[in-house]
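J.: Sequence plus predicted model, see below.
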Amino acid sequence: MMGYFKTFFLMFSIICLFIFTGYALGGETGLLIALIMGVLSNIFAYWYSDKVILSIYKAKLVNQNDSPELIKIVSELTANAGLPIPAVYIIEEDSPNAFATGRDPSNAAIAVTRGLIEKLTQNELRGVVAHELAHVLNRDILIATVSAMFAAAISSLASFALIFGGRGGNRSFNNPALLILLAFVTPIAATIIQMAISRAREYEADRIGASLTQDPGSLASALKKIDEISRTKHFNTVQQHPETAQMMIISPLIAKGFKELFSTHPSTSERIFRLNEMEKNINAK
């Protein structure tokens with residue numbers, strides 16, 4: 001429940017930030033323009049982002065004959081979760097990683113890299129697939145799209161204010177220096193909140209995924225292995241597409257220090273710690 005409350009609070013925060021930014025910088029006109037731009041751009045992302053990302057990675061749709069073990073794992077876990085069986089794709093990439101996409105459970109897809117299949121044990125692979133199915137179950141693609149919509153709308157509104165000087169906005173904020181400050185600060189704040197939402201959903205997907213398999217230890221082991229390989233080797237396909245980083249089970253972009261505020265994923269060590277605690281609780285029962 002804490003994970004859902006945190007997501008709700010963060011979503012509420014980004015909506016409030018949007019309303020404040022519109023009121024301060026653009027008035028009713030600016031607010032409307034930003035909202036229209038944000039909605040239109042994210043309608044496209046919501047309906048077509050799955051096709052775009054699968055195309056970027058040249059993902060190949062597979063079936064029972066192509067990859068029987070993977071299909072078996074997906075089928076068993078979807079049955080446990082009460083979900084329709086998603087389309088399953090394999091990406092011919094040595095980097096071990098995976099992501100889920102699709103606008104809802106009936107139009108979902110799961111993609112795993114060849115490296116993930118080859119470098120993980122069956123139990124670890126099962127844990128990763130369960131994590132991705134948790135994203136589908138939680139409709140995290142929708143949550144990510146809505147948060148991105150408001151973040152994009154805030155950025156559009158800030159640009160509108162810089163170009164037109166905040167004309168039509170709240171008179172209390174017509175000081176040029178204050179307008180410029182708000183125009184720069186609010187998009188950064190929106191991005192920080194958006195990334196916090198993404199990190200919260202990763203924790204929740206870990207928890208639910210581990211519950212589906214009743215084997216948190218295997219997911220923890222998979223995360224450790226993926227993280228270690230990603231840090232020691234350079235993989236062109238994954239690392240050359242930072243725009244897809246938030247979809248991966250582990251981001252290929254390593255963030256440290258202040259940059260962690262803008263990271264799409266929690267630290268792997270914290271995720272592993274939480275999963276190990278779940279393992280202890282299951283074993284104690």
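T.: Arrived safely, thanks for sending.
J.: Mind listing what's buried along the lengthiest helix in the chain?
T.: In terms of residue count, the longest helix belonging to the chain (DSSP state H) is helix 176-213. For helix 176-213, the neighbour count (16 or more other Cβ atoms under 10 Å) marks 179, 182-183, 186-187, 189-213 as buried. All C-beta atoms are positioned from the backbone trio N, CA, C, and that covers glycine.
J.: try stretch 86-99
T.: Buried-residue list, stretch 86-99, by 16+ other Cβ under 10 Å: 86-91, 93-99.
J.: farthest-separated two in these?
T.: P86 and D94 (23.7 Å; Cβ to Cβ).
J.: For S221, give me the pLDDT.
T.: Per-residue confidence (pLDDT) for S221: 97.
J.: That one: what secondary structure?
T.: Under DSSP: H, G, I helix; E, B strand; the rest coil, the three-state class of S221 is helix.
J.: So what's the residue count around it?
T.: 19 (other Cβ atoms under 10 Å).
J.: doesn't L125 make contact with it?
T.: No: taking contacts as Cβ atoms under 8 Å, S221 lies outside contact range of L125: 10.8 Å.
J.: tell me the contacts of T78?
T.: 84-86, 133 (Cβ atoms under 8 Å, 6 or more residues apart in numbering).
J.: Narrow the residues you listed to those that are buried.
T.: 86, 133.
J.: Can you list the buried residues in the one helix or strand T78 maps to?
T.: T78 is part of helix 68-81, with elements assigned from DSSP states H and E. Within helix 68-81, the residues that qualify as buried are 70-71, 73-74, 77-78, 81, counting by 16+ other Cβ under 10 Å.
J.: and V88, helix, strand or coil?
T.: Criterion first, three-state DSSP; result for V88: strand.
J.: In helices, which of the contacts of T78 appear?
T.: Those of those lying in helices (DSSP H): L133.
J.: So V112 belongs to a strand, correct?
T.: Yes: assessed by three-state DSSP, V112 belongs to a strand.
J.: lowest-confidence helix or strand of the protein?
T.: Least confident helix or strand of the chain, by mean pLDDT, DSSP states H and E, is helix 236-239 with a mean of 52.
J.: Show the subsequent helix or strand relative to that helix.
T.: With DSSP H and E, the next secondary element past helix 236-239 is helix 268-284.
J.: tell me the contacts of A134?
T.: 81, 204-209, 212.
J.: Distance check, it against A205.
T.: Taking Cβ to Cβ, to the nearest Å as the measure, A134 falls 4 Å from A205.
J.: Likewise for L223?
T.: Counting by Cβ to Cβ, the gap from L223 to A205 is 11 Å.
J.: And I249, by the same measure?
T.: 8 Å.
J.: Could you tell me which residues touch both of those two?
T.: In contact with both I249 and A205: 131-132, using Cβ under 8 Å, 6+ apart.
J.: what bits of the stretch 1-150 of the chain have low per-residue confidence?
T.: 1-11, 14, 22-27, 30-31, 33-35, 37-38, 41-42, 45, 145-146, 148-150 (pLDDT under 70).
J.: That one: helices as residue ranges?
T.: 2-21, 27-56, 68-81, 114-119, 122-137, 140-164 (DSSP state H, counting those that start in this stretch).
J.: From the chain's centroid, how far away is the third one?
T.: This points to helix 68-81. Centre-to-centre, helix 68-81 and its host chain are 22 Å apart (Cα atoms, centre = their mean, to the nearest Å).
J.: Now do it against helix 176-213, angle only.
T.: 100 degrees (axes from the mean of the first three to the mean of the last three Cα atoms, to 10 degrees).
J.: can you state the direction angle for helix 68-81 and helix 122-137?
T.: 50 degrees.
J.: So T268 sits against E228, correct?
T.: No: assessed by Cβ under 8 Å, T268 is found out of contact with E228, at 9.0 Å.
J.: who's more crowded, the two?
T.: A side-by-side neighbour count of T268 and E228, using other Cβ under 10 Å, places T268 first with 19 against 12.
J.: Skip the chain neighbours and tell me the closest residue to that one.
T.: With sequence-adjacent residues excluded and distances taken as Cβ to Cβ, 6 or more residues apart in numbering, T268 is closest to D227, at 4.2 Å.
J.: what about the one you found, how many residues close to it?
T.: 21.
J.: so how far is H265 from R201?
T.: Counting by Cβ to Cβ, the gap from R201 to H265 is 10 Å.
J.: Show me the contact partners of stretch 198-211.
T.: Contacts of stretch 198-211 (Cβ under 8 Å, 6+ apart): 3-4, 6-7, 10, 127, 130-135, 137-138, 140, 143-144, 147, 216, 219, 246, 263-266, 271, 274-275, 278.
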